[in-house]
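A.B. asks: Build the 3D model from these lines:
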Amino acid sequence: MFQPRPSVTSLLFLAAICAVSVTIAQDQSGFEVAASDPAAAAPAKVENTIVSSRRLLDVIYAGGPLMIPIAICSFGLVVFVFERFFSLRKSRIIPGPFTKKFLEQLKEGQINREAALALCEKNNSCIAKVFMAGLQKWGRSGVEVEQAILDAGERVSNELRRYLRLINGISTVTPLLGLLGTVLGMIHAFDAISVVAPSHADPKTLIATGISTALITTAAGMSVAIPALIAYLYFSGVVDRRIMEIDALGMKVVNVISAEALASEQHRGARRSRKEAA
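C.D. replies: I've put the predicted structure just below:
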């Protein structure tokens with residue numbers, strides 16, 4: 001299971017402390033100005049009202065250039081999640097009507113090797129590919145048939161796990177992008193303090209801009225990473241269940257078409273014939 005690295009967590013904690021410290025210093029400075037000049041408090045309230053009513057696009061734009069890769073990761077996450085939802089449906093991987101009818105006909109001896117291969121090739125689902133690999137070893141020992149099914153199951157499992165690494169990568173990369181935005185925002189905020197004296201600019205505006213950028217990118221990165229991690233865990237569980245079902249169904253085929261199973265069936269048929277003749 002994915003777990004955050006201690007180094008990344010420590011950096012996030014330190015960045016949060018820096019942001020809180022700068023915010024406290026800004027609040028204290030603003031409080032002193034308001035106490036000395038009551039008229040200066042009114043513009044501050046108006047400015048806070050304007051900032052709090054910004055549109056979502058304005059907030060995203062204020063996050064800086066790192067919002068672009070985070071937005072790309074978000075779009076990719078939506079595409080891959082919908083693709084996996086569609087591809088990992090049970091009816092697509094293990095179609096119930098085909099599987100049930102195929103196993104019944106195979107067990108009752110209603111189809112031979114060629115007919116069974118033709119049915120699997122026509123269906124072309126994941127379970128049909130596994131059945132086809134076992135049918136190609138029809139009449140061989142149980143070990144050979146089982147190994148062929150296991151090899152086909154491994155190939156199918158790789159196909160089912162497609163794009164899961166990308167989803168996991170998005171859940172790992174986007175927090176780092178948000179952390180990078182936090183670091184750049186803190187650099188901008190503290191660099192503003194050093195240049196405020198010669199430029200005679202308002203330090204509160206420069207510091208607030210840096211902190212806003214830092215917090216927006218962090219929030220955006222986590223907003224993408226959390227759903228990505230949940231999706232990765234969910235789809236990993238779905239794939240594991242599908243693989244277990246395919247393995248169990250493949251063993252049923254082994255118990256029917258292996259040399260041991262065919263010899264046992266012939267022996268039982270001969271005994272029934274002798275009983276009917278007697």
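A.B. asks: show me where pLDDT drops low in the stretch 1-150 of the chain?
C.D. replies: Residues of the stretch 1-150 of the chain meeting the criterion pLDDT under 70: 1-59, 62-63.
A.B. asks: what ranges do the helices span in it?
C.D. replies: Using DSSP state H, counting those that start in this stretch, the helices of the stretch 1-150 of the chain run over residues 6-36, 41-52, 56-62, 67-87, 90-93, 96-108, 113-123, 126-135, 142-160.
A.B. asks: Next, the contact list for Ala231, please.
C.D. replies: By CB atoms under 8 Å, 6 or more residues apart in numbering, the residues touching Ala231 are Leu77, Val81, Arg84, Ile167. C-beta: built from backbone N, CA, C; applies to glycine.
A.B. asks: Please repeat the previous calculation with a cut-off of 6 Å.
C.D. replies: Val81, Ile167 (CB atoms under 6 Å, 6 or more residues apart in numbering).
A.B. asks: Remind me which helix or strand it belongs to.
C.D. replies: Applying DSSP states H and E as the criterion places Ala231 in helix 203-257.
A.B. asks: Same check on Gly178?
C.D. replies: Secondary-structure element containing Gly178, defined by DSSP H and E: helix 164-199.
A.B. asks: the inter-axis angle of that helix versus helix 67-87?
C.D. replies: Per axes from the mean of the first three to the mean of the last three CA atoms, to 10 degrees, the angle that helix 164-199 makes with helix 67-87 is 160 degrees.
A.B. asks: now for helix 164-199, which elements pack on it?
C.D. replies: When contacts are defined as 3 or more CB pairs under 6 Å, 6 or more residues apart in numbering; DSSP states H and E, helix 164-199 sits against helix 6-36, helix 67-87, helix 203-257.
A.B. asks: what inclination does the last one have with respect to helix 164-199?
C.D. replies: Angular relation of helix 203-257 and helix 164-199 on a 0 to 180 degree scale: 170 degrees, by the same axes, to 10 degrees.
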